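In: below: sequence and its predicted model.
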Amino acid sequence: MCLAQRQYIPSIREAVFYHAESLGTKLYSVEEAQDMFYGFTSIKIRTVVCAGDVLDFDLSERYKKVRLIRTLKRVSYPLKYVRSFLPSSLGGSMLIEAIK
């Protein structure tokens, strides 16, 4: 099936929600996170590059069967050695510190 014939392409949020390791995983923008903590006296949000961003972990049985994931893991292998040097803005995880 070519891409033009595909009737539905999920958004990145839907793809993560239904197909990430943990069903129900949600993605938020920094702005959405700020909105969730509206009314707090202090909020600090920063992103970080974590093991999940560079696929630096053992694949579960679910993903060992997916050729694309195995290939991405192999290709991204060198990134684990430079992860600490990557700009935090490239990270997929948010650290939120808030005071009520």
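Out: Everything's here; your move. Numbering: from 1, shown residues only.

In: which residues of this protein fall in strands?
Out: Remark: strands of the chain, listed N- to C-terminal, are 42-48, 93-99; assignment by DSSP state E.

In: could I have the first one exported to PDB, CA atoms only?
Out: This points to strand 42-48. The C-alpha atoms that make up strand 42-48 are tabulated as PDB, following Å, rounded to 0.1, in the frame of the first residue of the first chain:
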ATOM      1  CA  SER A  42       6.600  28.800  41.000                       C
ATOM      2  CA  ILE A  43       7.100  26.500  38.100                       C
ATOM      3  CA  LYS A  44      10.300  25.400  36.300                       C
ATOM      4  CA  ILE A  45      10.100  23.200  33.300                       C
ATOM      5  CA  ARG A  46      13.100  21.800  31.400                       C
ATOM      6  CA  THR A  47      13.500  19.000  28.900                       C
ATOM      7  CA  VAL A  48      16.200  16.400  29.000                       C
END
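
In: going forward can the numbers begin at 52, since that is how I track them
Out: From this message on, residue numbering opens at 52, which makes the last subject strand 93-99.

In: so for it, mean pLDDT?
Out: Per-residue pLDDT values over strand 93-99 give a mean of 92.

In: how about low-confidence regions in this structure?
Out: Along the chain, segments meeting pLDDT under 70 span 52-58, 72.

In: buried residues in the longest helix seen in it?
Out: The residue-count maximum for a helix in the chain (DSSP state H) belongs to helix 118-127. In terms of neighbour count (16 or more other Cβ atoms under 10 Å), helix 118-127 has its buried residues at Lys124. Any C-beta I mention is one placed from the backbone N, CA and C, and that applies to glycine too.
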